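Undergrad: Predicted structure and sequence below. I'll ask about it afterward.
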Amino acid sequence: MARGIAVVTPVSHLDGVVELLESKGEVYFLENGTRHQVRELLLNNPIDTIFCNPNQQSYKIDEDLLWGTNVRVINTASTGLNHIDLEYCELVGIEIQCHKNDFELINQLPSTSELAFGLLLDLMRNITMSNNVTKRDKSWDYLPFVGQQMKDYKVGIVGYGRLGKMMVKFCRAFDAQVFIYDPYSDESNVDTLEELFDVCDAVSLHVHVTDETRHMIDYDLLSRGVKFLVNTSRGEIVNETDIIRALGECKLWGYGADVIEDEFGDPSKSPFFNLDNSKLNCIFTPHIGGMTIQGQTKAYKWSIDKL
C-alpha cells in the first residue's frame, strides 16, 4: 500500500521538491491550512505521514490534531521540535524524523546565522528605523540615527552549537571582540550568563527551548549593560514583558527577533506588535531564519529522502 503523505508546509516554490514528494507516495497538499482543515484532511484520507516545518505553522501537532488518525510518522524539515507534542507521539508510537543530528546537512545551512548577523547590524546602525522615519517624515536628518561600529563592540554568543559557531565567525570577520557562554562547551570564555551580560555590548541567542533556557533572558540580565539583543532561537527563551520594559527604560537600545513566544497561537496578540517602532528600535521577521531558497531546498530534499 502506498504511503499517504499530508504536506502541511509550502513546498511549491522549491525546485524539484513536489516531484520528490510524489515519488514517495500519494500526496495531499494543504500548504497553509488551519488546524481544523488539517484535522479533517487526516481523518478523511489514508494518511500515515505528515510532512511539515514550524515556520508556516500556526498550530501545534498534538493529541487534539492526531487522535483517531492513521499518522505513524511526522517528518519535519527542521532541527527544532517545539511545534510537535513529543510526549504524545512517544506514547502512541509516532516516529519523529527531523534534522537534529543530520550534521552533514545542517553544517551546509548558515541561513539562520546570516539573519542573526543581519539583525544585529540593522539594530546597531538603525537601518530599519531610519528607513521608516525618513520615508514617513520625508526628512533627511542623520542625527537621530548615529549608530555603533562593530569593530569596537564586544558581542556575546549564548550557545556554541552550529549556529552559534557561525555567528562567532561572522562577528570576528568584522573585528568584534567575541565572548561565548555555553555551559556544555569548552570554548566558553565566560563562566556565567550574568558575566556575559556584564561584559558585552550586544548578545545573540542560539539555544533550543528547554526547562533550563525557557525565559532565561529576564529584566535582571537586561539591566546589566547590554544594548542590543538578537533572538533567532525561540520566543520562549526571553521574557517578552521584560524585553519591552527594558526597551521603554532605554536599558536595551534595540531588540531584533525572528521569533515570538505565541507563534502557534495567535501571533497578532503579541505585545511586541503594539509598540511604536518609530520610537523603539525593534525589528521582527516572521521566523524566516532558515527560509532561503537554497537552505529550504537542501533541507526539504534531505527530509524527503528519509521517507
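TA: Right, received. Where do you want to start?
Undergrad: Residue 230: helix or strand, and which one exactly?
TA: strand 228-231 (DSSP states H and E).
Undergrad: Show me what that strand is packed up against.
TA: Applying 3 or more C-beta pairs under 8 Å, 6 or more residues apart in numbering; DSSP states H and E, one finds that strand 228-231 contacts helix 111-125, strand 202-205, strand 254-257. For every residue, glycine as well, the C-beta is placed using N, CA and C.
Undergrad: Paired strands for the second one, with orientation please.
TA: Its sheet considered, strand 202-205 pairs with strand 154-158 (parallel), strand 228-231 (parallel) by DSSP bridges.
Undergrad: ok, now the last one?
TA: Looking at strand 254-257 with DSSP bridges, its paired strands and their directions are strand 228-231 (parallel), strand 281-284 (parallel).
Undergrad: Dump the strand holding residue 230 to CSV, restricted to CA.
TA: C-alpha atoms of strand 228-231 as CSV (Å, rounded to 0.1, in the frame of the first residue of the first chain):
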residue,chain,number,x,y,z
PHE,A,228,21.4,45.1,21.7
LEU,A,229,19.8,41.7,21.8
VAL,A,230,19.1,39.3,18.9
ASN,A,231,16.9,36.3,19.2
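Undergrad: in the following helix or strand past that strand, what's buried?
TA: Later in the chain than strand 228-231, the nearest helix or strand by DSSP H and E is helix 240-248. Neighbour-count burial for helix 240-248, counted by 16 or more other C-beta atoms under 10 Å, picks out 240, 242, 243, 244, 245, 246, 247.
Undergrad: For the last one, give me its contacts.
TA: So the one you mean is residue 247. 254, 255, 275, 280, 281, 282 (C-beta atoms under 8 Å, 6 or more residues apart in numbering).
Undergrad: 10 Å - rerun?
TA: Counting by C-beta atoms under 10 Å, 6 or more residues apart in numbering, residue 247 makes contact with 222, 229, 253, 254, 255, 272, 275, 279, 280, 281, 282.
Undergrad: what does the fourth one give?
TA: When contacts are counted by C-beta under 10 Å, 6+ apart, residue 244 touches 252, 255, 271, 272, 274, 275, 280, 282.
Undergrad: Thought residue 43 was touching residue 70, still the case?
TA: Yes - with contact taken as C-beta atoms under 10 Å, residue 70 and residue 43 are classed as touching, separated by 9.1 Å.
Undergrad: Can you convert the contacts of residue 247 into a markdown table and add a column each for neighbour count, pLDDT and distance to residue 159?
TA: Formatted as a markdown table, those follow (neighbours: other C-beta atoms under 10 Å; pLDDT from 0 to 100; distance: C-beta to C-beta, whole Å):
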| residue | neighbour count | pLDDT | distance to residue 159 |
| --- | --- | --- | --- |
| 222 | 24 | 97 | 18 |
| 229 | 28 | 98 | 14 |
| 253 | 20 | 96 | 22 |
| 254 | 24 | 96 | 20 |
| 255 | 25 | 97 | 18 |
| 272 | 19 | 90 | 22 |
| 275 | 16 | 81 | 26 |
| 279 | 11 | 71 | 31 |
| 280 | 17 | 82 | 26 |
| 281 | 24 | 90 | 23 |
| 282 | 21 | 92 | 22 |
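Undergrad: Take the residues you listed and lay them out in CSV including distance to residue 162.
TA: Formatted as CSV, the contacts of residue 247 follow (distance: C-beta to C-beta, whole Å):
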residue, distance to residue 162
222, 26
229, 21
253, 28
254, 25
255, 23
272, 27
275, 32
279, 36
280, 31
281, 28
282, 27
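Undergrad: Of those residues, which is the nearest to residue 10?
TA: Nearest to residue 10, judged by C-beta to C-beta, of those is residue 272 at 24.4 Å.
Undergrad: ok, that closest one touching residue 231?
TA: No - checked against C-beta under 10 Å, the pair residue 272 and residue 231 is beyond contact range at 11.1 Å.
Undergrad: shared neighbours of the two, anything?
TA: Common neighbours of residue 272 and residue 231 (C-beta under 10 Å, 6+ apart) are 240, 243, 255, 257, 260, 284.
Undergrad: so, if you compare those, which one comes nearest to residue 5?
TA: So of the shared contacts of residue 272 and residue 231, ranked by how close each gets to residue 5 (C-beta to C-beta), first place is residue 260, at 29.5 Å.
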